[in-house]
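J.: sequence first, then the predicted structure, then my questions.
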Amino acid sequence: MMRNIAAIAVLVWGLSGAARAEDVQAVYRPEQKAALTQWLDQHLAGLVETCKHVHAHPELSLHETQTAELVARGLRDAGLEVTTDVGGHGVVGVLRNGDGPVVLVRGDMDALPVVEESGLDYASAVRVTQPDGAVVGVMHACGHDIHTTMVLGTAQALSALRDQWHGTVVMIAQPAEELGLGAGAMIKDGLFERFPRPDCCLSLHVSHKLPVGTVAYTPGWSAANVDSVDITIFGRGGHGARPNSTVDPIVTAAYVITQLQTLVSRRVDPIEPAVVTVGSIHGGAKHNVIPDEVKLQLTVRSYTDAVRHQLLDGIRQITTDVCKSFGCPKPPAVVVDDETFTPACYNDPALTLAAAGVFRKLLGDDHVVEDPPEMGGEDFGQFARALNVPGLQYGLGSISPETYQASLAPGAEPLPSLHSSRYRADTEDAVRYGVSTMTMLTLALLPAAE
Ligand SMILES: [Zn+2]
Ligand SMILES: [Zn+2]
């Protein structure tokens, strides 16, 4: 009976695009937790070893060959139908287990160009040479080693417990998240045509702010639209002592930057989140030379499509008009990089609250916290958005309890954030809770076997 209700409920979400609270059947079943705990007791050590291996062998975005191979092997061993090279190095594993809804579980695989200073025994010593000849370190400073291992562990656990549920699970190991490219590339490569079409999409991201054993959820928007904008302001250079014979692009740029601040403060509805940051300005080479041009690089953040367009249109208009008012010899180039645009991530509120209920039963009320939304970027939102089905990314505490406690002492240094060279996860427990929360949530959304 439960099977039919849950199957219908999930299918209704698929049709409506957003889950209504009354449609979400997330059923926590203690017998499934018991079976999972027993499975984890036997397999956690192996998964932790895998995670440490991935941590010590990180690969930059678009270069995730070894990691993808390791995931593909692990998913095949767990009995999934595996397809590699989906949207680059993406891996898709399908676990078919009779009639029922389709749940997508996504983890990302790529690391960052950071020299690791975590002090872990299995810290990365990997160095790579960039196309410009620079040698950079590579580090899993965003915890994608844990996400990769979560995908493997969850697939293995769901496969081992297949007599407990019905339906289909699509496990995804995604490349190039840090560039905001991987999700879109997998979708463009036929993710939803070549494989079963999901009724909901799940993922997690490690949190540097929470201890292991705690999870965080954010109903609604949780990550922002991210646009990168490149501006070139064209002046007419000359001698620094004779500014009257030039059009100074540096002074023009200063006015552009100042005017851009009014977009958020004066134009966007004050209750709509928005950010315009000029992160880079380059122009000139010497005290007494007025250059020909100045280049700016901006990051632009928003939640809704309407605010996004308001900001981008406003940047074009302000830049063009300020340059005109300074008599620039030609209009500025304002280039919005569509390739790297990352759409905002929306956590379906009904699905999110249902998941929080499952986590409270699994971890205890004190270990499930609501996190405020942020303006960071995360390309996971693309999956649910492309399908118009509910999606959820929750936060997974990853810091050892001792380190976390110490950080609360008065005057203590704040915990290193994600992307820091000093970010240091408690790998063993992060893997344990990553696999247990994702497996229990997936099971709760799927109908139980009669
Ligand atoms: Zn990151
Ligand atoms: Zn990340």
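T.: Great, that's in hand. Ligands and ions are numbered 1, 2, ... in the order given.

J.: assign Met438 to helix, strand or coil.
T.: Of the three states, Met438 takes helix according to DSSP: H, G, I helix; E, B strand; the rest coil.

J.: from memory it sits against Met150, does it?
T.: Yes: in this structure Met438 lies within contact range of Met150 using C-beta atoms under 8 Å: 5.7 Å. Every C-beta, even on glycine, is put in place using the N, C-alpha and C of the backbone.

J.: which of those two has more residues huddled nearby?
T.: Neighbours per residue, other C-beta atoms under 10 Å: of Met438 and Met150, the larger number sits with Met150, 31 against 25.

J.: ok so the more buried one is a helix residue?
T.: Yes: under three-state DSSP, Met150 falls within a helix.

J.: shared neighbours of Met438 and Met150, which are they?
T.: Common neighbours of Met438 and Met150, using C-beta atoms under 8 Å, 6 or more residues apart in numbering, are Leu204.

J.: quick one: distance of stretch 390-403 to the chain centre.
T.: For stretch 390-403, the separation from the chain centroid amounts to 13 Å (computed by C-alpha atoms, centre = their mean, to the nearest Å).

J.: in it, which residues are buried?
T.: With burial defined by 16 or more other C-beta atoms under 10 Å, the residues of stretch 390-403 counted as buried are 390-400.

J.: nearest to Gln297, of those?
T.: Gln393 (27.4 Å; C-beta to C-beta).

J.: what sits against that closest one?
T.: Contacts of Gln393 (C-beta under 8 Å, 6+ apart): 202-205, 222-223, 345, 347, 378, 380-381.

J.: narrow the residues you listed to those in strands?
T.: Of the contacts of Gln393, the ones assigned to strands by DSSP state E are 202-205, 222-223, 345, 347.

J.: can I get those residues in JSON lines with neighbour count and distance to Val264?
T.: Output for those, formatted as JSON lines (neighbours: other C-beta atoms under 10 Å; distance: C-beta to C-beta, whole Å):
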{"residue": "Leu202", "neighbour count": "25", "distance to Val264": "33"}
{"residue": "Ser203", "neighbour count": "27", "distance to Val264": "29"}
{"residue": "Leu204", "neighbour count": "26", "distance to Val264": "31"}
{"residue": "His205", "neighbour count": "25", "distance to Val264": "26"}
{"residue": "Ser222", "neighbour count": "28", "distance to Val264": "20"}
{"residue": "Ala223", "neighbour count": "25", "distance to Val264": "18"}
{"residue": "Cys345", "neighbour count": "29", "distance to Val264": "21"}
{"residue": "Asn347", "neighbour count": "25", "distance to Val264": "24"}
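
J.: need the max-distance pair from the residues you listed.
T.: By the measure C-beta to C-beta, Leu202 and Ala223 form the most distant pair in the ones in strands among the contacts of Gln393, at 15.1 Å.

J.: tell me where the stretch 101-250 of the chain has helices.
T.: 144-160, 182-188, 191-194, 249-262 (DSSP state H, counting those that start in this stretch).

J.: which of those helices sits closest to Val103?
T.: With C-beta to C-beta as the yardstick, what comes closest out of the helices of the stretch 101-250 of the chain is helix 144-160 (9.4 Å).

J.: rewinding a little: out of the helices of the stretch 101-250 of the chain, deepest packed?
T.: With neighbours defined as mean count of other C-beta atoms under 10 Å, the helices of the stretch 101-250 of the chain peak in mean count at helix 144-160, which reaches a mean of 27.

J.: so who does the residue nearest the centre of the chain touch?
T.: Centroid-nearest residue in the chain: Glu378, 3.0 Å away (criterion: C-alpha atoms, centre = their mean). Contact analysis of Glu378 by C-beta under 8 Å, 6+ apart lists 177, 205, 222-223, 342, 345, 393.

J.: again, 10 Å this time
T.: Counting by C-beta atoms under 10 Å, 6 or more residues apart in numbering, Glu378 touches 108, 177, 180, 183, 203, 205, 222-224, 226, 342-345, 393.

J.: quick check: it vs Gly90, distance?
T.: 16 Å (C-beta to C-beta, to the nearest Å).

J.: now the ones in strands among the contacts of Gln393 as TSV including distance to Leu263 and pLDDT?
T.: Formatted as TSV, these follow (distance: C-beta to C-beta, whole Å; pLDDT from 0 to 100):
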residue	distance to Leu263	pLDDT
Leu202	35	98
Ser203	31	98
Leu204	34	98
His205	29	98
Ser222	23	94
Ala223	20	94
Cys345	23	95
Asn347	27	97
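
J.: any stretches of the protein with poor pLDDT?
T.: 1-23 (pLDDT under 70).

J.: got a list of what the closest residue to Thr50 other than its chain neighbours touches?
T.: Setting aside the residues directly before and after it, Thr50 is nearest to Thr149 in space (C-beta to C-beta, 6 or more residues apart in numbering), at 5.6 Å. When contacts are counted by C-beta under 10 Å, 6+ apart, Thr149 touches 47-55, 70-71, 74, 107, 427, 430-431, 434-435.

J.: could you do Glu69 as well?
T.: 84, 89, 91.

J.: inside strands: which ones of the residues you listed?
T.: In strands, defined here by DSSP E, the members of those are 84, 91.

J.: which residues does Arg127 contact?
T.: Here Arg127 is in contact with 113, 115, 135-138 (C-beta under 10 Å, 6+ apart).

J.: and the buried ones among these, selectable in ChimeraX?
T.: A single ChimeraX command selects the buried members of these (16+ other C-beta under 10 Å):
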select :113,115,137,138
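
J.: tell me the gap between the helix or strand hosting Gly93 and the middle of its chain.
T.: Using DSSP states H and E, Gly93 maps to strand 90-97. Relative to the chain's own centre, strand 90-97 is displaced by 20 Å; criterion: C-alpha atoms, centre = their mean.
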